[in-house]
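Novice: what's the 3D shape of this:
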Amino acid sequence: MQVTELSAEGLKRQFKIVVPAGDLSAKVDERLAELAQTATLPGFRPGKVPVGLLKKQYGQALYGEALEAAVNASTAKAIEDRGLKPALQPRVDLKQLEEGKDVEFEVAIEVLPEIGKVDFSGVELERLKATVPDKDVDEAIERIAKANREQKPVDPPRPAQKGDAIKLDFVGSVDGKEFPGGAATDYTLEIGSGSFIPGFEDQLTGAEVGKTVDVKVTFPADYGAPELAGKDAIFKCTIKEIQEFVDKPADDELAKKNNFENLEAMRKAVAERIGQDYSQISRSMIKRHLLDKLADLHKFPVPEGLVEGEFNAIWQRIEEAKKNGQKPEDDEEKMRKEYREIAERRVRLGLLLADVGRSNSIDVTPEELNQAVMREAMRYPGQERQVLEFYGKNAELKEQLRAPIFEEKTVDFILELAKVSEKSVTPEELLKAAREAEEEKPADTAPSAAP
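Specialist: Numbers count the residues shown, from 1 in each chain. Prediction:
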């Protein structure tokens, strides 16, 4: 095998590789000898078929097999001998291919950049810390109590009012014709919940059991069913029952109904959950600020192929959003430029985090991966077993959960080395800061999954 370096510009490398015809012939002869030991053809006993006949019948296929193996092996060796770390699969371009002659091909690759040692001790960050005020806990307990309200028929009977739950039958029509999905029987609707299109529930205020009400509404222009969007409709509603909600007090009985020992234990659990939510918001913000600083501090070159792949993935989402009715921006060329810069940033941060993780022996343990699978399963109540079995049978899909865990562990490692100060804020200040950070920098600037 003869390797000649054709070019080395930036992260791009190009080689010409020549594989002697004799090497390929030897591989074909070797495979023919193996095949001859077991081959069967009409008129010959197993293992007694002449090699010449086998070559005539299978020679072309065996040559292709040997060629593919030779190209892969010689490409891998050329890369290994030079200590290169390809960012993507090498591109192979056959220049000369004729049986009996040397095979000549060119290999083009992009390599990963040399990042070098990174010092994070000079990175200064601020972590916002919000304590959970009692009023937040009180409001959460009130919502739990409201969710546990009981319903009872109004007594004595009276017309329906806002806040009541009414059981009704209804049939909808447009231009005098009923439409699919516009009818229901024994449907329970809370007046004032806003679960139906605007104006529907308001017209049921004052309705009485046993009576029929014609509800006249106009479907919103952006209604999900295009055939109904913007159309006037009439729903003939028959009121069958009116019930009112009975509030449940926030006491030990409510706590026990929700699997807590007492009200104090439920308040503590609620406060912890809210605190976790605030901590997650704070964590997301400091991670975003860290990535911003890392992006500003590191401007090493990145492989164009990785940037192109990342840009295509982002742009595909933009195109899908257009199809779903989101208004595109007027200047597509400007958009493409901005998102290509975002793609480059994501790739650079992904490579940086991957390098930091590898150089500091950060790894994802089997236990952490299994916990991630369990969290995925818990997202589908009632289907946990099927989700677990699905991941158990799809090792590649399970491995996709590794990258975000690796990224978070690497970010934690960097935060330990950086200078992080804490600032106490109110929940309102925390949420305001989070909104401002989101508006300032789009989510697409997050790093691409670390290799």
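Novice: What separation do you get for Phe164 and Ile144?
Specialist: Small correction: residue 164 is Asp, not Phe. 22 Å (C-beta to C-beta, to the nearest Å). C-beta coordinates here come from the backbone N, C-alpha and C atoms, glycine included.
Novice: looking at the chain, which helix or strand is least sure?
Specialist: Least confident helix or strand, the chain: helix 21-36 with a mean of 82, by mean pLDDT, DSSP states H and E.
Novice: Which other helices and strands does that one contact?
Specialist: Judged by 3 or more C-beta pairs under 8 Å, 6 or more residues apart in numbering; DSSP states H and E, helix 21-36 is in contact with helix 51-81.
Novice: Check which element follows the helix it packs on along the chain.
Specialist: Next helix or strand after helix 51-81 toward the C-terminus (DSSP states H and E): strand 91-96.
Novice: Give me the more crowded residue out of Asp164 and Ile144.
Specialist: Taking neighbours as other C-beta atoms under 10 Å, Asp164 and Ile144 compare with Asp164 leading, 21 against 18.
Novice: Double-check the more buried one against Ile242; I have them as touching.
Specialist: Yes. The pair Asp164 / Ile242 is scored as a contact, 5.5 Å apart, by C-beta atoms under 8 Å.
Novice: shared neighbours, these two?
Specialist: Residues touching both Asp164 and Ile242 comprise Val154, with contact defined as C-beta atoms under 8 Å, 6 or more residues apart in numbering.
Novice: about what we covered before: just the CA atoms of the least confident helix or strand of the chain, as CSV, please.
Specialist: Extracted in CSV, the C-alpha atoms of helix 21-36 (Å, rounded to 0.1, in the frame of the first residue of the first chain):
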residue,chain,number,x,y,z
ALA,A,21,-3.1,-5.5,-7.8
GLY,A,22,-1.2,-8.4,-6.3
ASP,A,23,-2.6,-7.8,-2.8
LEU,A,24,-6.1,-7.9,-4.2
SER,A,25,-5.4,-11.0,-6.2
ALA,A,26,-3.9,-12.7,-3.2
LYS,A,27,-7.1,-11.9,-1.2
VAL,A,28,-9.3,-13.3,-3.9
ASP,A,29,-7.2,-16.5,-4.2
GLU,A,30,-7.4,-16.9,-0.4
ARG,A,31,-11.2,-16.6,-0.4
LEU,A,32,-11.4,-19.0,-3.4
ALA,A,33,-9.4,-21.6,-1.4
GLU,A,34,-11.7,-21.2,1.5
LEU,A,35,-14.8,-21.5,-0.7
ALA,A,36,-13.4,-24.6,-2.5
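Novice: Strands of the stretch 301-450 of the chain, start to end?
Specialist: Taking DSSP state E, counting those that start in this stretch as the criterion, the stretch 301-450 of the chain contains strands spanning 419-425.
Novice: in stretch 210-226, what's buried?
Specialist: Residues Val213, Val215, Val217, Phe219 are the ones in stretch 210-226 that count as buried (16 or more other C-beta atoms under 10 Å).
Novice: Repeat that for stretch 152-167.
Specialist: Val154, Ala160, Gln161, Asp164, Ala165, Ile166, Lys167.
Novice: same deal with stretch 306-314?
Specialist: Leu306, Val307, Gly309, Glu310, Phe311, Ile314.
Novice: burial count for Lys56?
Specialist: Neighbour tally, Lys56, other C-beta under 10 Å: 10.
Novice: Val302 too?
Specialist: Considering only other C-beta under 10 Å, Val302 is surrounded by 24 other residues.
Novice: Contacts only, for Ala39.
Specialist: Per C-beta under 8 Å, 6+ apart, neighbours of Ala39: Pro46, Gly47, Val49, Leu54.
Novice: Spatially, what comes nearest to the second one if we skip its sequence neighbours?
Specialist: Spelled out, that is Gly47. Nearest non-adjacent residue to Gly47, counting by C-beta to C-beta, 6 or more residues apart in numbering: Gln37, 5.4 Å away.
Novice: Could you pull out the buried residues of the top helix by length along the chain?
Specialist: Longest helix of the chain, by residue count under DSSP state H: helix 263-297. Residues of helix 263-297 classed as buried by neighbour count (16+ other C-beta under 10 Å): 263, 266-267, 269-271, 274-275, 278, 281-282, 285-295.
Novice: In terms of secondary structure, what does it contact?
Specialist: If you count contacts as 3+ C-beta pairs under 8 Å, 6+ apart, helix 263-297 packs onto strand 124-130, helix 134-147, helix 252-257, helix 332-359, helix 402-417, helix 427-440.
Novice: Dump these to TSV, plus mean pLDDT and distance to Phe200.
Specialist: Formatted as TSV, those follow (pLDDT from 0 to 100; distance: least, C-beta to C-beta, whole Å):
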stretch	mean pLDDT	distance to Phe200
strand 124-130	95	39
helix 134-147	93	22
helix 252-257	94	32
helix 332-359	92	40
helix 402-417	94	43
helix 427-440	89	32
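Novice: what's the closest of these to Met378?
Specialist: helix 402-417 (16.1 Å; C-beta to C-beta).
Novice: what comes into contact with that closest one?
Specialist: Under C-beta under 8 Å, 6+ apart, the answer for helix 402-417 is 120-121, 123, 125, 286-287, 290, 294, 353-354, 356-357, 360, 362-364, 368-369, 372, 447, 449-450.
Novice: then it to PDB, C-alphas only?
Specialist: In PDB, the C-alpha atoms belonging to helix 402-417 read as follows (Å, rounded to 0.1, in the frame of the first residue of the first chain):
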ATOM      1  CA  ARG A 402     -25.900   8.800  27.400                       C
ATOM      2  CA  ALA A 403     -25.000  12.100  25.700                       C
ATOM      3  CA  PRO A 404     -27.200  14.400  27.800                       C
ATOM      4  CA  ILE A 405     -26.100  12.700  31.000                       C
ATOM      5  CA  PHE A 406     -22.400  13.100  29.900                       C
ATOM      6  CA  GLU A 407     -23.000  16.700  29.100                       C
ATOM      7  CA  GLU A 408     -24.600  17.500  32.500                       C
ATOM      8  CA  LYS A 409     -21.800  15.700  34.400                       C
ATOM      9  CA  THR A 410     -19.200  17.700  32.400                       C
ATOM     10  CA  VAL A 411     -21.000  21.000  33.100                       C
ATOM     11  CA  ASP A 412     -21.100  20.100  36.900                       C
ATOM     12  CA  PHE A 413     -17.300  19.300  36.700                       C
ATOM     13  CA  ILE A 414     -16.600  22.700  35.100                       C
ATOM     14  CA  LEU A 415     -18.900  24.500  37.700                       C
ATOM     15  CA  GLU A 416     -16.800  23.000  40.500                       C
ATOM     16  CA  LEU A 417     -13.700  24.600  39.000                       C
END
